[in-house]
Each structure stands twice: as C-alpha cells, then as structure tokens.
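[1] Here you go, sequence then predicted model.
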Amino acid sequence: MSDNIPFEIQSEIIKRLPVKSLIQFRTVSKPWKSLIDSTPFINHYSSQHTHTQRLLVTYDDPVDSATTYVSIADDDTFPQQKVSYSLPLLTTNILKYSSIIGTSHGLVCLYGSDPIDKEIAVVCNLSIRKAVGVVMPDLPSGLTFGIVVGFGVCRETIDPKIVKITYISSWDDMESISSIPSQVEVFTLSSGAWRGPCSSSNLPRKSIRFSLDSVVIDGVLYWLAADGVNTRSGYNYYMLIISFDLTSEEFGEIYLPDSLARVDDYNLSISKVRNSLVVLRRFLDDSGFSVWMMLDGVPQSFIRMFTIKSPDLLIKGFRKNGEPIIEMVQHHPGQRDGSFFVAYDPCSKDVVNLEIDVFARSFCVFPYIETLLLLDQPDFVIYDQGKATLQSVEPSDEGKNH
C-alpha cells in the first residue's frame with residue numbers, strides 16, 4: 001500500500017479485509033504487523049457483524065474414522081464453498097478425546113481428557129490455528145454431583161469465558177445436601193484463572209438438574225434443564241431453560257409452555273436460528289420433530305415454526321436463513337449405519353444436498369465466523385490454577401493434522 005496514504009486510512013482499509021489476508025499482510029511491514037497483532041484491533045475486528053456466516057460441520061470419516069472439520073460458507077453459494085480445517089497442534093497434543101461444547105465469535109471450545117485423564121478444555125481458532133488449554137478445577141468425585149460446561153465470548157469485553165456448573169445428580173439426594181461445593185466457577189481468558197461468578201445472589205436452585213445441551217446467543221449461555229418437585233408419589237419434574245449472561249454473570253430462568261415442559265428430557269434439545277432461541281421436540285414414536293422459537297426474548301412466549309414428520313431423521317442445526325440441516329439415516333444390515341445431509345426449506349419443501357456421506361450420528365453442525373481472537377495469545381499455552389505454562393511440541397509433530 002502506498003506510503004503516501006496516511007496510516008489511519010490504511011488501518012481503516014485493513015479492518016475490512018478477510019482473516020486470511022490479514023494473516024498474510026502481517027509480513028508486509030512492521031507497522032502493519034503491530035496493528036493487526038494488537039489486542040484493540042483484534043477485539044474490534046472480532047466484534048464486527050459483517051463477517052460471512054459459515055457452518056462448521058464435524059463428522060467421522062467413513063474411511064479411517066478420523067474426526068473431520070469442514071467449514072461451509074452459508075451464503076448464495078451454499079454448499080459449494082467448503083474449507084477443511086485441521087486442529088491446532090496444542091489440541092492434538094494434549095487431548096486424548098474431546099467433543100465440541102460450543103462456538104462463539106469464531107472460537108471453538110473442545111472439552112475432554114488428557115492422557116492421564118485430567119479434564120481439560122481447549123479454546124481454539126481454526127482459521128488462524130491458535131489454541132489455549134485450560135485445566136478444569138477440581139471436579140466432584142462419586143455419583144452425587146454432575147457438571148456441565150458452557151463456553152461463550154462476552155459481548156461487551158470480547159473476553160472468552162468458560163462456565164462450569166455443579167449440580168445434584170439425583171433428586172433423592174437433594175434433602176441431605178445443604179449446599180453444592182463450588183457450584184459455579186468462571187474462567188476468563190483475560191485473567192487466565194478460575195473464580196466465582198460476579199453475581200452470586202441468584203445461583204441455580206438445588207432442585208435444578210442440567211442437561212449437556214447448551215447454546216450461546218448474543219452473549220448469553222442457555223442450558224436445557226429439569227426442575228424436580230417433591231410430591232407424595234415422589235419427584236416429578238418439568239423442563240425449563242437456564243440462562244447465564246456472560247457480561248453480568250447473572251442466571252435466569254425461562255419457562256416453557258406445557259406442551260414442552262412436560263416432555264421427557266431426552267426428547268428435547270435446544271438450538272438457535274439467527275439470534276433466536278429454539279426448542280426441538282422429538283416425537284415419541286421417533287417419527288419427526290417440531291421446532292419452537294422464543295418470541296423477542298420473552299420467556300414462555302414460544303411459537304411452533306414448523307413440523308417435520310419422517311422416520312430416521314435428526315435436526316442437527318440451522319442455516320442463517322432458518323433452514324434446518326437434517327441428517328437422514330440410512331440403515332445397512334450387518335454394517336454400521338450411514339447418513340447423508342440436506343438443508344430443508346419448510347415452506348417450499350425443497351432440499352439441498354450437502355454432498356457429505358458419513359457414519360450415522362457422527363455429524364454435528366455449529367454456526368461459525370472467521371475472526372482474529374487468540375492471535376495475541378502465546379503459542380502452546382496452558383492455564384492451570386492461575387498460571388500459564390508453555391506446552392512443548394516435538395519437531396516431528398509440526399506437520400501432523402488431526
């Protein structure tokens with residue numbers, strides 16, 4: 001770029017470039033590298049809402065069973081623009097197995113165990129192949145307590161946060177337990193440490209039992225949960241949604257209409273369509289789904305968007321235009337079931353094949369954008385008890401892909 005152009009104007013032009021170009025332009029000049037690597041630039045760039053929406057899909061490859069990561073542009077070219085990702089080396093080095101627990105602002109959070117069975121979360125940016133590891137605080141032993149872990153980026157500070165919630169696994173134990181140890185703990189990347197939530201006045205009740213199903217929307221985490229009510233015949237429960245604002249760190253409760261609140265937890269799941277919370281209800285005979293959307297963020301104001309009646313299908317996520325991504329299971333006697341995937345328009349009934357064939361029930365879909373978050377983090381860093389250590393990487397590992 002010409003030296004005759006003031007640097008302020010250059011920086012405004014740079015802000016509009018895609019991530020791939022920004023990474024390349026860091027080598028053009030020291031001022032550009034200093035600008036792009038600065039935390040204010042990274043946070044400003046990553047908070048913009050002009051990035052192309054993508055879908056991150058993961059699945060087990062039918063040839064070698066390895067987990068595959070593919071990003072698909074969710075625009076007029078859908079589903080033709082596909083980009084394959086490999087996990088950053090830190091992730092493949094320290095996680096023996098893992099699963100994605102959430103995506104937010106271009107970051108993916110995986111949760112699993114290291115080779116010595118220590119619980120670890122890894123937050124990674126697949127676009128720039130950077131990652132940080134976070135050792136989980138002490139987890140409860142035995143079967144009395146369970147935990148759920150959520151991930152999201154604070155919309156005000158652009159600070160990635162991991163939230164761990166401990167709950168009572170069985171309502172039969174509720175009366176004998178006076179309090180839940182370390183009920184809520186929050187990790188913030190800016191501090192590199194775990195702490196209690198800023199607000200501790202409205203923690204979830206002891207009777208709340210969490211589902212692993214969570215989603216983050218506009219800086220708020222949501223979990224599907226069940227609330228147990230003691231009756232003469234034992235504990236009855238109803239389903240609800242627990243929210244956690246990543247800015248104020250306050251909890252909230254969203255009550256569901258009776259048609260959803262009284263459904264068994266394994267027949268409900270939550271997702272998002274654009275910036276709206278949706279609840280998916282699976283029919284008891286496994287013959288399809290109904291999809292319900294919360295109106296304007298008003299609790300208990302849910303409307304049914306559409307119903308799909310067909311056996312052997314699973315709704316795995318949604319495009320930005322609201323079309324569900326559907327897994328169609330194909331049964332093969334004597335072999336592992338397979339699946340193919342389509343985007344379905346509930347109005348026109350049209351389908352678009354994603355041209356991905358995989359093992360059945362190994363396919364996951366997450367909304368995704370490309371950002372620069374983690375660019376200012378050291379390579380191969382792991383946070384443990386408030387201390388940052390660098391993970392050594394063998395030279396022979398440099399070319400490995402997951």
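    Thanks, I have the structure now. What you see is a predicted model, and the numbers here were worked out from it, not measured in a lab.
[2] Let me know the helix or strand that I42 is in.
    Of the helices and strands defined by DSSP states H and E, I42 is found in helix 39-47.
[3] following that helix, which helix or strand comes up?
    Assigned by DSSP H and E, the successor of helix 39-47 is strand 54-60.
[4] buried set for stretch 118-130?
    By 16 or more other Cβ atoms under 10 Å, the buried positions in stretch 118-130 come out as E119, I120, A121, V122, V123, C124, N125, L126, S127, I128, R129, K130. For glycine as for every other residue, the C-beta is placed from the backbone atoms N, C-alpha and C.
[5] Now render these as JSON lines, adding distance to F7.
    Shown next, in JSON lines, are the buried residues of stretch 118-130 (distance: Cβ to Cβ, whole Å):
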{"residue": "E119", "distance to F7": "46"}
{"residue": "I120", "distance to F7": "41"}
{"residue": "A121", "distance to F7": "39"}
{"residue": "V122", "distance to F7": "36"}
{"residue": "V123", "distance to F7": "32"}
{"residue": "C124", "distance to F7": "32"}
{"residue": "N125", "distance to F7": "26"}
{"residue": "L126", "distance to F7": "31"}
{"residue": "S127", "distance to F7": "26"}
{"residue": "I128", "distance to F7": "24"}
{"residue": "R129", "distance to F7": "28"}
{"residue": "K130", "distance to F7": "26"}
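[6] Of those, which is the nearest to P31?
    Taking Cβ to Cβ as the measure, P31 lies nearest I128 of the buried residues of stretch 118-130, at 20.0 Å.
[7] any idea which element that closest one lies in?
    I128 belongs to no helix or strand, assigned by DSSP H and E.
[8] In contact with it, which residues?
    With Cβ atoms under 8 Å, 6 or more residues apart in numbering as the criterion, the residues that contact I128 are V19, I23, L372, L374, L375.
[9] again, 10 Å this time
    The neighbours of I128, taking Cβ atoms under 10 Å, 6 or more residues apart in numbering as the test, are V19, K20, L22, I23, P88, G106, E370, T371, L372, L373, L374, L375.
[10] try T247
    Contacts of T247 (Cβ under 10 Å, 6+ apart): C154, R155, E156, T157, D159, K161, C198, G219, V220.
[11] same thing but at 6 Å, please
    By Cβ atoms under 6 Å, 6 or more residues apart in numbering, the contact set of T247 is C154, E156, G219.
[12] Skip the chain neighbours and tell me the closest residue to S46.
    Distance criterion Cβ to Cβ, 6 or more residues apart in numbering; nearest residue to S46, sequence neighbours excluded, is T371 at 3.9 Å.
[13] which one of the buried residues of stretch 118-130 is nearest D312?
    The nearest member of the buried residues of stretch 118-130 to D312, counting by Cβ to Cβ, is L126 at 30.9 Å.
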